[in-house]
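> any chance you can model this:
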Amino acid sequence: MAKLSVEDLKALKEKVSKEISLREGMANVLVTVHMGTCGIASGARAVMDALMEEMEATERDDIRVMAAGCLGMCSSEPNVTVEIEGEAPVAYQLMDANKMRQVFKRHVLLGEVQSDFAMATM
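Numbering: from 1, shown residues only. Reported below is the predicted structural model:
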């Protein structure tokens, strides 16, 4: 195994700090990917991967990502809930990577609920 340089360690620290802040930092937006057994079996990992790719591409630091258990509606998995401060949460159903990218770009970044995929406003 090659030795890490100081620059390598600083880059690693910055990457990990950004990932931790996505889960624990102060945020105006919370995106929850429901990753219970039924969600994972239906493709929630691909949805989470797409979400994390979109997060890496944005400079916003007020968006928090979280994984949670089943929403209780296994037939509509994978499910994603988007909560924007001051607005009612929106649960999305039957998500895939492309739908997640659209929800992120349109709802999370621009505030436009994607009613084609929305299961409910909570």
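> helix or strand with the lowest mean pLDDT in the protein?
When the helices and strands of the chain are scored by mean pLDDT, DSSP states H and E, helix 6-24 comes last with a mean of 69.
> after that helix comes which helix or strand?
Using DSSP states H and E, the helix or strand that follows helix 6-24 towards the C-terminus is strand 29-34.
> remind me what whichever helix or strand comes after that following strand packs against, helices and strands.
Going down the chain from strand 29-34, the next helix or strand is helix 37-42, by DSSP H and E. With contacts taken as 3 or more CB pairs under 8 Å, 6 or more residues apart in numbering; DSSP states H and E, helix 37-42 sits against no other helix or strand. (Each C-beta comes from the backbone N, C-alpha and C, glycine too.)
> chain center to the helix or strand that helix 37-42 is followed by, what's the gap?
Per DSSP H and E, the first helix or strand lying C-terminal to helix 37-42 is helix 44-57. Averaging C-alpha positions (CA atoms, centre = their mean, to the nearest Å) puts helix 44-57 6 Å from its chain's average.
> equivalent analysis for stretch 90-104, please.
Here the centre of stretch 90-104 is set off from its chain's centre by 10 Å, with CA atoms, centre = their mean.
> do me a favour and get the end-to-end distance for it?
Separation of the first and last residues of stretch 90-104 by CA to CA, to the nearest Å is 12 Å.
> can you list the low-confidence ranges for the protein?
The model of the chain has pLDDT under 70 over residues 1, 16-26, 120-122.
> and the closest residue to Glu87 other than its chain neighbours, its phi and psi?
Residue nearest to Glu87 in three dimensions, not counting chain neighbours: Gly111, with 7.9 Å by CB to CB, 6 or more residues apart in numbering. For Gly111, the backbone dihedrals (degrees, to the nearest 10) come out as phi 80, psi 10.
> again, but for Arg64
For Arg64, the backbone dihedrals are phi -110, psi 140 (criterion: degrees, to the nearest 10).
> having no further points to raise, I will conclude here.
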